[in-house]
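**Q** I would like to see how this sequence folds:
(2 chains)
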There are 2 protein chains.
Amino acid sequence: MPEGNGDSVRRLYQQGETVNGAGINASAAVHTDPDGHAWDRALGWSIALGSPYTFATTLRDEYLSDIAGERAILLGAVHGLVEAMYRHFRIAGADPVTAYERSTETITGPIARTISADGLAAVRAACGDQDLFDRAYSAAYGPARVLVAEIYEEVADGTELRSVILAEQRLASRPMTEIGGSPMWAHSAEVHARRGSAPAVLDPLTAGLFVATMTAQVDEFAARGHAWSEIVNESVIEAVDSLLPYMHARDVAYMVDNCSRTARLGTRRWGPRFQAAYEQIALPHVSRPADPDLVASFLANPAHDALAAAAKLRPAVDISV
Amino acid sequence: MPEGNGDSVRRLYQQGETVNGAGINASAAVHTDPDGHAWDRALGWSIALGSPYTFATTLRDEYLSDIAGERAILLGAVHGLVEAMYRHFRIAGADPVTAYERSTETITGPIARTISADGLAAVRAACGDQDLFDRAYSAAYGPARVLVAEIYEEVADGTELRSVILAEQRLASRPMTEIGGSPMWAHSAEVHARRGSAPAVLDPLTAGLFVATMTAQVDEFAARGHAWSEIVNESVIEAVDSLLPYMHARDVAYMVDNCSRTARLGTRRWGPRFQAAYEQIALPHVSRPADPDLVASFLANPAHDALAAAAKLRPAVDISV
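**A** The predicted structure follows:
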């Protein structure tokens, strides 16, 4: 199964004509194997899809990491983070376009490109104000980890899916609300038109919160026993090679309002939880000194090696939509 | 069972010495009645508690309206609303104290006092800008109703309680986060010190969103077959006679961080959902004309008569803490 949205699967497949290793990574699982050739077929599909890297998983592990991941760093947390940061920068005095650029553009543009090209630690290295990145990371890691754990347990327990089933039944009489009415998205066209006129800003505050949340998901999945190849694909590569570039082209609200129903409902449930955690816990704590243990543990995270291994066949992939 | 927090039960009981009808309303339900005197005993307890009005319910109806209500207008929605409105007024240029007054103070002070003394429709009548109240009401009623329905179904289905049980298990290793770190609460002391130096402002925008949410809960409970006496006690009277005055004395964050664990967890789950609904759906739609059908239906709501009946014994009650 390719780990990205349809648009990226096709776009990176086409790049594969000229760029060795371009393509969306895939997962494969064998549930029953009556004739002993199930893996051959699974890998055949992967190669036909142009996937440069295929990781082995199980139906259970894939379900858990996929549904929990889209509620966290792949979609829900991104939406909550950009809503929180847009208001944060507006209250600090930024005009709407600047607030949009420092909240949304910085994630879907330079942060995604930096991680895709050079890995997770490269974002920190690329921040002008590394101390601010570290303080933001330290303030956000704890509350983000607690939320990822809550999501994971509700998915594993079946509670999350019960909510989705109840929500599906309500949709017959009450259509799902759209999130695109939020004030920020009225400035999308203006922000997109400014692209290229100045270097894209990698905001260290937004970057610290984002990378902390991504790392919290990585660590929670690792603590739950997922394989590292699956962890980095479902927490990092799918985000930076597929979903964030798509959001960069269309905007976050468009992506959320146009993905699968399960993901849309999950984003509505969990995005606001992340927003509240950033607003009420992380941002008020950014003024505190960075936690050296948390930063050291980030720099020594096994995800860096796993990412390098999962990405080594695609050195020149172009993730832009 | 008295329908209010312990502080109000005691305070209004003591007022009963001099004010006829002061006291917290109570609910009573009889599950089994072996000797035929269960109702006598229930009413005896009510009178001993100083309750001026006791409504009959069932264990199931009380459970549903109590747990859903505290996640909606009694606690969760109030928290989400004040967080949304504080940021809304800050972005519109208000200083922190003014933003706090127009978001939190207006609800816990004049709105609560107006409803307690004169009922729900009196808030609209007291608004200087009634058209703004109507537009805010019209913009918020739909998204608030959808959320109350979602909460109600998850409580009825058991999903909400499964989440609480999972959360309780996590508390052993990860303590519950406090919500008091949100920037607004740093200004509580300054706001409280200003009380009395100028007339309290009843902000029509905040009032419209608040009353729409309260009415949405009333209507959803009515649609689910609850008795009107229970509906107005669990949606209106408990809020304006007990919880909001307590929040006025201590602040909303203090109330949320110091109530029952089930309510604290529920507020964390649903408060951010309400905040997002106000920010992303209701507030962007306030610029549209009011919906005359929604306003007419509000003015003709059976809750007004039910409130008058449930409150008629306590004309001079002092709700201040």
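**Q** where in the stretch 51-200 of chain A is pLDDT low?
**A** Scanning the stretch 51-200 of chain A for pLDDT under 70 picks out nothing.
**Q** Would you mind listing what in it touches chain B?
**A** Residues of the stretch 51-200 of chain A lying near chain B by Cβ under 8 Å from any Cβ of the partner chain: A:83, A:87, A:90-91, A:143, A:146, A:149-150, A:153-154, A:157, A:159, A:162-163, A:166-167, A:170, A:174, A:177, A:179, A:181-183. Any C-beta I mention is one placed from the backbone N, CA and C, and that applies to glycine too.
**Q** Among those residues, name the buried ones.
**A** Among those, those classed as buried by neighbour count (16 or more other Cβ atoms under 10 Å in any protein chain shown) are A:83, A:87, A:90-91, A:143, A:146, A:149-150, A:153-154, A:159, A:162-163, A:166-167, A:177, A:179, A:181-183.
**Q** and the end-to-end length of stretch A:186-204?
**A** Distance across stretch A:186-204, first residue to last, is 25 Å (Cα to Cα, to the nearest Å).
**Q** One more: stretch A:282-299?
**A** 20 Å.
**Q** just the strands in the stretch 51-200 of chain A please.
**A** Ranges of strands in the stretch 51-200 of chain A, per DSSP state E, counting those that start in this stretch, are A:54-56.
**Q** all helices for it, in order.
**A** Applying DSSP state H, counting those that start in this stretch to the stretch 51-200 of chain A gives helices spanning A:59-71, A:76-91, A:96-100, A:106, A:112-118, A:121-126, A:130-157, A:159-171, A:188-194.
**Q** Quick check: which of those is nearest to A:Asn25?
**A** Across the helices of the stretch 51-200 of chain A, A:Asn25 has its closest neighbour in helix A:112-118 (11.9 Å, Cβ to Cβ).
**Q** Would you mark the buried spots in that closest one?
**A** Result for helix A:112-118 [16+ other Cβ under 10 Å]: buried residues A:Ala112, A:Arg113, A:Thr114, A:Ile115, A:Ser116.
**Q** Could you point out which of those residues is nearest to B:Trp39?
**A** Relative to B:Trp39, the closest of those is A:Ala112; by Cβ to Cβ it sits at 65.8 Å.
**Q** Assess the claim that that closest one and A:Ser242 are in contact.
**A** No. Between A:Ala112 and A:Ser242 no contact is recorded; they are 9.8 Å apart, counting by Cβ atoms under 8 Å.
**Q** Common neighbours of the two, please.
**A** By Cβ atoms under 8 Å, 6 or more residues apart in numbering or on different chains, A:Ala112 and A:Ser242 have these common neighbours: A:Ile319.
**Q** residues in contact with A:Tyr100?
**A** Contacts of A:Tyr100 by Cβ under 8 Å, 6+ apart are A:Tyr86, A:Met184, A:His187, A:Ser188, A:Val191.
**Q** got a markdown table for those, with neighbour count too?
**A** Listed next are those as a markdown table, based on neighbours: other Cβ atoms under 10 Å in any protein chain shown:
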| residue | neighbour count |
| --- | --- |
| A:Tyr86 | 24 |
| A:Met184 | 24 |
| A:His187 | 19 |
| A:Ser188 | 18 |
| A:Val191 | 19 |
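**Q** could you redo those residues as JSON lines and give each row distance to B:Leu209?
**A** Below are these laid out as JSON lines (distance: Cβ to Cβ, whole Å):
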{"residue": "A:Tyr86", "distance to B:Leu209": "20"}
{"residue": "A:Met184", "distance to B:Leu209": "20"}
{"residue": "A:His187", "distance to B:Leu209": "24"}
{"residue": "A:Ser188", "distance to B:Leu209": "26"}
{"residue": "A:Val191", "distance to B:Leu209": "29"}
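**Q** Out of those, which is nearest to B:Glu17?
**A** Taking Cβ to Cβ as the measure, A:Tyr86 is the one of these closest to B:Glu17, at 53.5 Å.
**Q** Just list the residues touching that closest one, thanks.
**A** For A:Tyr86, the contact set (Cβ under 8 Å, 6+ apart) comprises A:Ala99, A:Tyr100, A:Ser103, A:Thr104, A:Pro183, A:Met184.
**Q** The spatially closest residue to A:Ala84 that is not a sequence neighbour - how many residues pack around it?
**A** In space, and not counting its chain neighbours, A:Ala84 is closest to A:Tyr278: 4.0 Å by Cβ to Cβ, 6 or more residues apart in numbering or on different chains. Applying other Cβ atoms under 10 Å in any protein chain shown, we find 29 residues neighbouring A:Tyr278.
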